[in-house]
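1. curious how this folds, go ahead:
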Amino acid sequence: MNADKNQLIFLGSVCLIILIMGFFFGSFYQKEKSVYRFENLENLLATLNSDVVPSIVSFGKVKEIDGKKIIVSFNDSVITIEVNENTSIYKMDNGQKEINFDEILVGDELSAKIKINSEKEFFEAESIVFFNKN
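-> Purely as a prediction, here's the structure:
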């Protein structure tokens, strides 16, 4: 019986050591894993403005319109999107039809295909699709 107890303690100790080593090596592997990290904001902006990321999509409701800027909100998040002469604006109403900027109303739901402008100062809309009007 004493030999069985010693074997059980030995087996338990070996399992504990293997578990600790697995945790240690697993943590080390995670840290050494090749993950692309942005070292600074400039790298992030350059990547988001590259050909690898053709566009970013923003979704929400029009919170405010300020000149040619649309402030879009979704839950507690807010983004400002600038509209220019090249922006295509559409409304989904029994199909898709093109509309003018002045037809946009606060409260409208939208999905905007956006890009960071070349000076990396703001988001500009490439196209906007509105889903409903107030």
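
2. now the strands: where do they sit in this protein?
-> Using DSSP state E, the strands of the chain run over 56-66, 69-74, 77-82, 88-92, 96-98, 109-116, 123-132.

3. which stretch among these comes nearest Ile20?
-> strand 77-82 (42.1 Å; CB to CB). C-beta here means a position set from N, CA and C on the backbone, and glycine is covered the same way.

4. what's the closest one packed up against?
-> strand 56-66, strand 69-74, strand 123-132 (3 or more CB pairs under 8 Å, 6 or more residues apart in numbering; DSSP states H and E).

5. the first one vs strand 77-82, what angle?
-> If you take axes from the mean of the first three to the mean of the last three CA atoms, to 10 degrees, strand 56-66 sits at 80 degrees to strand 77-82.

6. redo the strands of the chain as CSV? Include mean neighbour count.
-> Shown next, in CSV, are the strands of the chain (neighbours: other CB atoms under 10 Å):
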stretch, mean neighbour count
strand 56-66, 15
strand 69-74, 19
strand 77-82, 15
strand 88-92, 16
strand 96-98, 9
strand 109-116, 19
strand 123-132, 18
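
7. low-confidence ranges, the chain, go.
-> 1-3, 27-39, 118-120, 132-134 (pLDDT under 70).

8. what's the spacing between Asp102 and Ile65?
-> Noted for Asp102: a distance of 9 Å to Ile65, by CB to CB, to the nearest Å.

9. distance of Leu19 relative to Phe25?
-> 11 Å.

10. check contacts around Asn100.
-> Ile89 (CB atoms under 8 Å, 6 or more residues apart in numbering).

11. quick check: phi and psi at it.
-> Dihedral angles of Asn100 (phi, psi; degrees, to the nearest 10) stand at phi -90, psi 160.

12. offset the numbering so it begins at 34, please.
-> Right, with 34 as the first residue, what we last looked at is Asn133.

13. next one: it from Val85, what distance?
-> For Asn133 relative to Val85 (CB to CB), the value is 33 Å.

14. and Tyr123, by the same measure?
-> For Tyr123 relative to Val85 (CB to CB), the value is 26 Å.

15. Asp99 too?
-> 31 Å.

16. swap in Lys96?
-> Lys96 is 30 Å from Val85, by CB to CB.
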